[in-house]
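A.B. asks: please find the sequence and the predicted model below.
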Amino acid sequence: MLFRSQLYFIAPIGIFVDNIFPSFMGIIDKKIGIRILTIFSVVLISASQIIIYFFVEYYLMIIAYFIYGFGVSCIYYQTVKNCWKYFPDKKDLMSGIIISSFGLGSFVFTSIADQIINPDNISKNGKYYSKEISYGYLSFIKFFIVCTAILGITSIILCFPYEEENIEDNNNDQNNKDKPLIKTNDNIPLKRMILSLEFAKCLSIAGCTLIFGLLLTNTYRNFGIEKNLDENGMHTLSKVFTLLNTFSRIIWGIICNKFKFKKPYIIIMINQIICGSVIYFAAEKLYTYFIVVCLGVLSFSGHVIFFPNLIHSKFGVENSVVLLGISGLFVGISGLIGPLLTYFINDLKDYLITYLVGVAPSIVSLILAIFIKIEKFEINDKDIINKIGDNDDNKLVERFTATIANSDNKE
């Protein structure tokens, strides 16, 4: 039998996995392409749901969510990167549309699940729901498996990997050999980016921001129920929460395209700090709790849009998937902090401490957002010269190009 404290850890396991593997999948994407990865994704997600349908053992549930997270990681940032290449001047808007689609899928299937599993909003009979609701849950899993197969096959057919045009001007290439080396994202080794202070700041922003964002996502409904807020009101809040998390991403994408990163993100962090500080007290009334939770999810959805665009703006599109995957490791850890905090909740007062502890890193993220440089990552010319060890211009270009090629092959 699964206990509530154990259930807190199941979904975050999936979040942890689908955030730590995109860097690995970014490398695989270069080898086999987004279409093959989409096939793997459909198979893995379907397999995870089959396990959930037939088994209720705790560790098999953990394995199922691990497989599910791995399946999601196959296509999350890879899809975004593919569209960035098709629409290089609309990267921010594309991010908003694509990432909001993930949220839209969650909203649609959550709404369908409510109608299949518990259409009459029947409350628990003590600690547990009735057998009818359990059977309804199994019916929904079967429905979800069928939808995954149909939508997955459709996605595989409609997926068109971006291909560079192989048009080369030999004269231009010859002329370019005589030009000095230019410091850009494309000719800097990925290792130098990973070990840079600028990337460390980005990692800190991702981890610190999402501690409260994921904590809010995992606890707001349980906390509202514990405060005896109206069941129908909480049901409505869940739908509004998911809708805002979905469609606000498109709006954030438009804002990001116009105002870039710093100013909007500072506003996002200030909003998150305020929401985290007052959410416990706002739960005294349904309408105040409703407002604070909805404002809180706007910060969560804002980060999901602004952070990937920060990474590709500083480090380039080609490196973005790997770097976002490394950032995902910190996101996954942040996702596990919430369940660890809620594990120790024994009464309502513990929620106050939990939310305040969760919001404290947002202050760190706010400070980093104020001082981070929003510009392309560069390295010093002297570092390049010392690394290659040659002062002759022609040999310098040739050997530096060879160094980058070898580095890319290893990566």
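C.D. replies: Sure, I can see it.
A.B. asks: which residues in the stretch 251-400 of the chain form helices?
C.D. replies: 262-282, 286-315, 317-343, 348-371, 381-388, 393-410 (DSSP state H, counting those that start in this stretch).
A.B. asks: for burial, what's the neighbour tally of the closest residue to Gln272 other than its chain neighbours?
C.D. replies: Leaving aside its sequence neighbours, Gln272 sits nearest to Ser299 (C-beta to C-beta, 6 or more residues apart in numbering; 3.9 Å). (C-beta placed from N, C-alpha, C; glycine too.) Close neighbours of Ser299, defined as other C-beta atoms under 10 Å, add up to 26.
A.B. asks: I'd guessed Ser299 sits against Ile274; true?
C.D. replies: No - the pair formed by Ser299 and Ile274 falls short of the contact definition of C-beta atoms under 8 Å, at 9.5 Å.
A.B. asks: tell me the mean pLDDT over stretch 159-177?
C.D. replies: If you average the pLDDT over stretch 159-177, you get 52.
A.B. asks: sorry, wrong one. I was asking about stretch 65-75.
C.D. replies: Stretch 65-75 shows an average pLDDT of 82 in the prediction.
A.B. asks: mind listing what Leu138 touches?
C.D. replies: By C-beta atoms under 8 Å, 6 or more residues apart in numbering, the contact set of Leu138 is Tyr53.
A.B. asks: please renumber the chain so that the first residue is 574 from this point on.
C.D. replies: Done: numbering now begins at 574, and the last item shifts to Leu711.
A.B. asks: can you point out the buried residues in the host helix or strand of Ile609?
C.D. replies: Per DSSP states H and E: Ile609 is located in helix 607-627. By 16 or more other C-beta atoms under 10 Å, the buried positions in helix 607-627 come out as 607, 609-622, 624-626.
A.B. asks: so the following helix or strand past that helix versus helix 607-627, what angle?
C.D. replies: Where DSSP H and E defines the elements, the next helix or strand beyond helix 607-627 is helix 631-646. Orientation check (axes from the mean of the first three to the mean of the last three C-alpha atoms, to 10 degrees): helix 631-646 against helix 607-627 gives 160 degrees.
A.B. asks: so what does helix 631-646 touch, helix or strand wise?
C.D. replies: Secondary structure elements in contact with helix 631-646, counted by 3 or more C-beta pairs under 8 Å, 6 or more residues apart in numbering; DSSP states H and E, are helix 577-593, helix 595-605, helix 607-627.
A.B. asks: can you rerun that using 6 Å?
C.D. replies: With contacts defined as 3 or more C-beta pairs under 6 Å, 6 or more residues apart in numbering; DSSP states H and E, helix 631-646 has these neighbours: helix 577-593, helix 607-627.
A.B. asks: what's the spacing between it and its chain's center?
C.D. replies: 16 Å (C-alpha atoms, centre = their mean, to the nearest Å).
A.B. asks: please apply the same query to stretch 842-852.
C.D. replies: Per C-alpha atoms, centre = their mean, the centroid offset for stretch 842-852 relative to its chain is 21 Å.
A.B. asks: ok, stretch 605-622 next?
C.D. replies: On C-alpha atoms, centre = their mean, the centre of stretch 605-622 falls 18 Å from that of its chain.
A.B. asks: the residue nearest to Gln845 and Ile648, how far apart?
C.D. replies: According to C-beta to C-beta, to the nearest Å, Ser872 and Ile648 sit 25 Å apart.
A.B. asks: for Ile798, same thing?
C.D. replies: Counting by C-beta to C-beta - Ile798 and Ile648 are separated by 34 Å.
A.B. asks: between these two, who's got more neighbours?
C.D. replies: Applying other C-beta under 10 Å to Ile798 and Ile648 shows that Ile648 carries more neighbours, namely 25 against 14.
A.B. asks: OK, contacts around the closest residue to that one other than its chain neighbours?
C.D. replies: Nearest residue to Ile648 in three dimensions, chain neighbours excluded: Ser614, at 4.8 Å (C-beta to C-beta, 6+ apart). Contacts for Ser614 (C-beta atoms under 6 Å, 6 or more residues apart in numbering) come out as 644, 647-648.
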